[in-house]
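> Dropping the sequence and predicted coords here.
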Amino acid sequence: MGIRTSEPEAEFVVLRQAYDDAFRQFSLQARLLQSLASHPLPDGGAMDEASRRVARAHLVYRERRNALAQLLLSRLAKGAVACLAHRAQMERLAYQLWEEAGRPFGRAEEHWYLAGRLLRSTA
């Protein structure tokens, strides 16, 4: 029985694997080109072909990197929106608690932390 992963996690795993594979391929092609270039009398045709392979591998690597980055950035953006919504809810509750306490001077922090505890306890 295998471990089940959520759909978003599975998407990350697939994109990360594709990125890793593309990086390894790009690295391999670059090393092959360096090896050819380090030969005392490099073969011009082989160098041209190796250069084309490096360029293709680099293009694939960039595409895979960008796909992975896009997924991670979209997750980050969703988290930021949720964080801002939570903060706004906390501000409203803290203000309401402050008003109900008679708007005492210098106790804003007390109401802020109380609002946070109340929200966490209802989550």
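Happy to help now that I have it. Numbers count the residues shown, from 1 in each chain.
> Tell me where the chain has helices.
Ranges of helices in the chain, per DSSP state H, are 7-37, 44-100, 108-122.
> what's the angle from the last one to helix 44-100?
Same thing as helix 108-122. 110 degrees (axes from the mean of the first three to the mean of the last three CA atoms, to 10 degrees).
> can you offset everything so residue one is 812?
New numbering, starting at 812: the last item is helix 919-933.
> State the mean pLDDT of helix 919-933.
Helix 919-933 comes out with an average pLDDT of 88.
> any low-confidence regions in this protein?
Applying pLDDT under 70 to the chain flags residues 812-816, 934.
> got a markdown table for the helices of the chain, with mean neighbour count too?
C-beta: built from backbone N, CA, C; applies to glycine. As requested, those are arranged in a markdown table below (neighbours: other CB atoms under 10 Å):
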| stretch | mean neighbour count |
| --- | --- |
| helix 818-848 | 14 |
| helix 855-911 | 13 |
| helix 919-933 | 13 |
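> chain center to stretch 890-901, what's the gap?
Chain-centre distance of stretch 890-901: 19 Å, with CA atoms, centre = their mean, to the nearest Å.
> Please apply the same query to stretch 856-874.
27 Å.
> same deal with stretch 820-839?
In terms of CA atoms, centre = their mean, the gap separating the centre of stretch 820-839 from the centre of its chain is 14 Å.
> Same question for stretch 889-907.
Computed by CA atoms, centre = their mean, the chain-centroid distance of stretch 889-907 equals 23 Å.
> who's in contact with that stretch?
Here stretch 889-907 makes contact (CB atoms under 8 Å, 6 or more residues apart in numbering) with 919, 922-923, 925-927, 929-930.
> just stretch 922-934 next, same as before
So stretch 922-934 is in contact with 897, 900-902, 904-906, 908-909, 912, going by CB under 8 Å, 6+ apart.
> Quick check: closest non-adjacent residue to the residue nearest the centre of the chain.
For the chain, Leu883 is the residue whose C-alpha lies nearest the centre (CA atoms, centre = their mean; 2.9 Å). Distance criterion CB to CB, 6 or more residues apart in numbering; nearest residue to Leu883, sequence neighbours excluded, is Phe823 at 8.0 Å.
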